[in-house]
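Asks: The amino acid sequence is not available; the structure is as follows:
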DNA sequence: TTATAAATGATAATGATTATCATTATTTTA
DNA sequence: TAAAATAATGATAATCATTATCATTTATAA
């Protein structure tokens, strides 16, 4: 079961770096693992508040940073001024289509694009560590006027 | 001469939208047109201050927004928390390699990548309005330890 | 179990951007 | 051309996401 794998990765990570465990952080991990999509800090905070009345937003920030370090989460910046987080473990690299009307994020991936990027880097002697491709536009549903 | 073309575009644009002319904004336009690279608001502000002692930073923000509207400038967000501006007139679309050490921005473009993006959008019924591809990494010079 | 040091929650600080507003400058029009 | 109308400016307050601080709580090691 994937969630168990991810929890194991988390446990190994905090053990390796002498990070102490905390009930709050484990609750945040559960919320994150149980979520789909690309949640913002604010969204995670609101969900966490329902389950842990006094949790502070700083704890969400701190936890997500740790999950990113552990390879479980990845920041996604769609340019709306909010950091978002998506699952990274067992998820292949992908790119994003972002609907400017409804905010929906559609994932896609393409091997040829990846390959060309590698070639370009090789040619320039540039050592890539990460890359992102975002296409902004209007999704199929919103073109029909579905989401106004 | 390209700069003259751009000034003409600017004049036509402000005329069309009943935007009044201002010495400050014209100075900012000159600085922007005379610059290479991808300047931030702060950088533009500092240069403008040298030539126009009392200019306010809000005026830089306002001017760059107008230049974007006129199709002369385009915002570039490399994820460092600062908006940057590059020339748009007579510049084909291109993507960016960003060096994580020295901050250098290298431009590139590739027709095949563009074509594949179109195909993906067509397949999904997604109507693209813009897109950006950024590759982060270490540039050739910094790999040699040149920029530490 | 006690000493230690990390984690938390509240909130202050930061930094980029936007809004506000009195003043100045540009246009319009009489 | 002069006066009226209104946009632009500069200073600065407001906003908003994120980070830092710090007293208190909690987890771990001795």
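Replies: Ah, there it is. Not measured: the values here are computed from a predicted model. Numbering: from 1, shown residues only, chains lettered A, B, ... in the order given.

Asks: how about the residues of chain A near DNA strand D?
Replies: Counting by C-beta under 7 Å from any atom of the strand, the positions of chain A adjacent to DNA strand D are A:20-23, A:40-42, A:57-58, A:61, A:65, A:81-83. All C-beta spots, glycine's among them, are computed from the backbone N, C-alpha and C.

Asks: try it again with 6 Å
Replies: A:20, A:21, A:22, A:23, A:41, A:58, A:61, A:81, A:82, A:83 (C-beta under 6 Å from any atom of the strand).

Asks: In helices, which of these fall?
Replies: A:23, A:41, A:58, A:61 (DSSP state H).

Asks: Have a look at the residues of chain A next to DNA strand D and tell me the least confident one.
Replies: pLDDT is lowest at residue A:81 among those; the value there is 89.

Asks: Tell me how far that residue lies from residue B:92.
Replies: Look at residue A:81 and residue B:92: by C-beta to C-beta, to the nearest Å, they are 28 Å apart.

Asks: same deal with residue A:115?
Replies: Relative to residue B:92, residue A:115 is positioned 22 Å away (C-beta to C-beta).

Asks: Between those two, which has more neighbouring residues?
Replies: Legend: neighbour count by other C-beta atoms under 10 Å in any protein chain shown for residue A:115 and residue B:92, higher for residue A:115 (11 against 7).

Asks: Mind checking if whichever strand or helix holds the more buried one is in reach of chain B?
Replies: Using DSSP states H and E, residue A:115 falls within helix A:111-124. Yes - taking C-beta under 8 Å from any C-beta of the partner chain as the criterion, helix A:111-124 and chain B are in contact, through A:112, A:113, A:116, A:117, A:120, A:121, A:124.

Asks: Report the distance from whichever strand in chain A runs longest to the chain centre.
Replies: Counting residues, the longest strand found in chain A (DSSP state E) is strand A:127-138. Distance, stretch centre to chain centre, for strand A:127-138: 14 Å (C-alpha atoms, centre = their mean, to the nearest Å).

Asks: What is the subsequent helix or strand relative to it?
Replies: Tracing the chain past strand A:127-138, the next element assigned as helix or strand by DSSP H and E is helix A:140-143.

Asks: Can you give me the buried ones in that next one?
Replies: Buried residues in helix A:140-143, counted by 16 or more other C-beta atoms under 10 Å in any protein chain shown: residue A:142.

Asks: Just give me how far it sits from the chain centre.
Replies: With C-alpha atoms, centre = their mean as the basis, the distance from the averaged C-alpha position of helix A:140-143 to the chain average is 25 Å.

Asks: repeat for stretch A:2-10
Replies: Put simply, stretch A:2-10 sits 16 Å off its chain's centre (C-alpha atoms, centre = their mean).

Asks: Show me what counts as buried in it.
Replies: Residues of stretch A:2-10 classed as buried under the neighbour-count rule (16+ other C-beta under 10 Å) are A:6, A:7, A:10.

Asks: Sketch out the low-pLDDT regions of chain A for me.
Replies: Per-residue confidence for chain A (pLDDT under 70) gives these ranges: A:1, A:145-148.

Asks: Which strand residues bridge the residue of chain A found nearest DNA strand D?
Replies: Evaluated by C-beta to the nearest atom of the strand, chain A has residue A:83 as its residue closest to DNA strand D, separated by 3.4 Å. When assigned by DSSP bridges, residue A:83 has beta-bridge partners residue A:77.

Asks: Lovely, talk soon.
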